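> I would like the atomic coordinates for the input below:
(one chain, ligands or ions: 2)
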Amino acid sequence: MAAAAASRAVLVSRPVTFVTGNAKKLEEVKSILGQSIPFQSLKLDLPELQGEPEEISKEKARLAAVQGLPGIHHLLCFFSFLFIVLVFLNDFIFVKLLAGPYIKWFLQKIGHEGFNNLLMAYEDKSAYALCAFSFALGPDVEPVTFLGKTPGKIVPARGPNDFGWDPIFQPDGYDQTYAEMPKEEKNKISHRSRALDMVKSHFAEAGYNFSTSN
Ligand SMILES: O=c1[nH]c(=O)c2ncn([C@@H]3O[C@H](COP(=O)(O)OP(=O)(O)OP(=O)(O)O)[C@@H](O)[C@H]3O)c2[nH]1
Ligand SMILES: [Mg+2]
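Ligands and ions are numbered 1, 2, ... in the order given. Prediction:
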């Protein structure tokens, strides 16, 4: 077994690069990953195209890799959204009603209160938080995407207001919003930690063996 794992091991001499300009995301990723995957962060203003989350994230990773950053061959593009999903029980159709990849702009324009007001007409405030990571090993390699999802609902804002939509998202099975929860608690069940669990498994299965100097 050990020999099989050893023969599969891929020696990686540079840390993975997380492409994000969001300090709060970075903080959570650092705390979730700990020492498990060596990484550095890089703020790169790349376009986020329209489409499904997986495609937006994949394309961003592809762009980052193609951009040919000097000395950086391992890119992990990080991306996260909140979808509002309304369930119309009569016809069993899931309707993605709002926001999705555009949550950032929604929040900037209408804020937490506006968001709640928009949903006033609907009894069902179901939502899910979705995190998409895409990992591109290089410019010629198709990125792999990992999606982490946490179901919950939209509520009037509660808790500290220092990270996006945390105050209006209450995960299923909890009385607190993401913002009210202690950080460690959020990091245990969050969309981000679920996606990162998949990233970690992928790295372990691929046999990446980091030997980085920093
Ligand atoms: O309350 C929150 N809890 C979270 O767990 C979370 N994760 C992301 N966000 C916000 O959702 C939008 C996504 O947009 P986004 O993914 O394009 O982020 P960004 O543009 O800030 O950074 P990046 O694209 O450089 O990585 C931005 O407003 C983020 O602040 C969160 N808000
Ligand atoms: Mg962004």
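
> could you use CA atoms for every contact and neighbour count after this?
OK.

> low pLDDT regions in this protein?
By pLDDT under 70, the low-scoring segments of the chain are 1-8, 68-99, 212-214.

> which stretches in the protein count as strands?
Secondary structure of the chain (DSSP state E): strands at 10-12, 16-19, 39-42, 75-88, 93-100, 126-136, 144-154, 169-171, 208-210.

> for ligand 1, see how far away residue 198 is.
17 Å (CA to the nearest ligand atom, to the nearest Å).

> beta-bridge partners for the most centrally placed residue in the chain, please?
With distances taken as CA atoms, centre = their mean, the residue of the chain nearest its centroid is residue 131 (2.8 Å). For residue 131, the beta-bridge partners are residue 80, residue 148 (DSSP bridges).

> which residues does stretch 151-171 contact?
24, 104, 107, 112-113, 116, 125-129, 150, 172, 176-180 (CA atoms under 8 Å, 6 or more residues apart in numbering).

> counting neighbours, what do you get for the closest residue in space to residue 24 that isn't next to it in sequence?
Nearest residue to residue 24 in three dimensions, chain neighbours excluded: residue 163, at 6.6 Å (CA to CA, 6 or more residues apart in numbering). A count of nearby residues for residue 163, using other CA atoms under 10 Å, gives 13.

> kindly list the main-chain dihedrals of residue 163?
phi -140, psi 110 (degrees, to the nearest 10).

> quick check: residue 39 touching residue 13?
No. Look at residue 39 against residue 13 with CA atoms under 8 Å: they stay out of range, at 11.3 Å.

> and those two? Which one has more around it.
Neighbour count, other CA under 10 Å: between residue 39 and residue 13, residue 39 has more, with 21 against 15.

> neighbours around residue 138, how many?
So residue 138, with other CA under 10 Å, has 18 neighbours.

> that one contacts residue 64, doesn't it?
No. If you go by CA under 8 Å, residue 138 and residue 64 don't touch, sitting 9.1 Å apart.

> quick one, helices of this protein?
Secondary structure of the chain by DSSP state H: the helices cover 2-8, 23-33, 53-66, 103-119, 183-189, 191-206.
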